[in-house]
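> predicted model and sequence below, questions to follow.
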Amino acid sequence: MPLNRTVERYGALAGPFFVCGIDADSFCSLNDTQVEKYLSIFQKPMLFLELQTGVLAVSYDDASLPRAPETVKLRAAEQKGLPDFCFYAIPGYDQLMLLQYGKSGYFPIEAVPPDMPLTQYAEQLNRILHVTQEQSETMLYKALYGWEAPALERKSGSKRRSPQNER
């Protein structure tokens with residue numbers, strides 16, 4: 001099963017799991033303090049990237065989740081709908097990029113599945129993060145041309161500007 005979360009003292013958990021208390025030799029409900037503790041621990045979804053050196057677990061915020069904190073929703077509004085990070089692979093180039101909101105350039109991801117094209121892998125990771133193709137293209141444009149640059153605009157019947165078209 002796919003990895004789900006990392007848990008302190010246990011490591012990575014695969015597949016569904018539940019959290020409960022233990023009373024002598026049986027399971028029991030959590031008290032209110034424990035409920036709050038585990039809600040805060042598991043509030044952020046996790047994305048797992050297999051690297052040559054092992055697995056990298058990345059927590060991320062998702063403003064669309066029902067219990068997303070108000071601070072996450074406010075930050076999403078300030079970022080005008082752009083995610084904290086996303087992935088991008090330029091067709092024809094052998095490089096998967098991690099783009100981070102507000103940061104110039106990109107961070108190369110070295111280890112990728114050998115049996116999957118980079119563009120497909122980037123799309124798969126972005127789907128997990130609920131990042132659209134338009135958002136990832138905008139992130140690439142801004143990471144390369146500046147975060148104050150006007151956003152890419154879709155115009156019906158016209159070709160959209162993209163970093164690839166400007167080379």
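Thanks, I have the structure now. Computed from a predicted structure; not experimentally measured. Numbers count the residues shown, from 1 in each chain.

> rest of the way, CA atoms for contacts and neighbours
Fine.

> ok, residues contacting the helix or strand residue 144 falls within?
Here residue 144 sits within helix 133-145, counting by DSSP states H and E. Applying C-alpha atoms under 8 Å, 6 or more residues apart in numbering, the set of residues contacting helix 133-145 from outside is 82-83, 86-88, 99-106, 123, 148-149, 151-152, 162-163.

> same deal with stretch 28-41?
19-22.

> quick one: average pLDDT of it?
For stretch 28-41, the mean pLDDT works out to 88.

> put the alpha carbons of that stretch into CSV.
Coordinates of each C-alpha in stretch 28-41 appear next as CSV, following Å, rounded to 0.1, in the frame of the first residue of the first chain:
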residue,chain,number,x,y,z
CYS,A,28,-10.3,3.0,24.2
SER,A,29,-11.4,6.5,23.0
LEU,A,30,-9.0,9.4,23.1
ASN,A,31,-9.5,12.1,25.6
ASP,A,32,-10.0,15.7,24.4
THR,A,33,-6.4,16.6,24.9
GLN,A,34,-5.3,13.6,22.9
VAL,A,35,-7.8,14.4,20.1
GLU,A,36,-6.4,17.9,19.8
LYS,A,37,-2.8,16.6,19.8
TYR,A,38,-3.4,14.1,17.0
LEU,A,39,-5.6,16.5,15.0
SER,A,40,-2.6,18.9,14.9
ILE,A,41,-0.1,16.2,14.1
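
> thinking again about what came up before, restricted to strands, list the contacts of helix 133-145.
Among the contacts of helix 133-145, the members falling in strands are 86-88, 99-100 (criterion: DSSP state E).

> wait, is residue 119 part of a strand?
No. Counting by DSSP: H, G, I helix; E, B strand; the rest coil, residue 119 is not part of a strand but helix.
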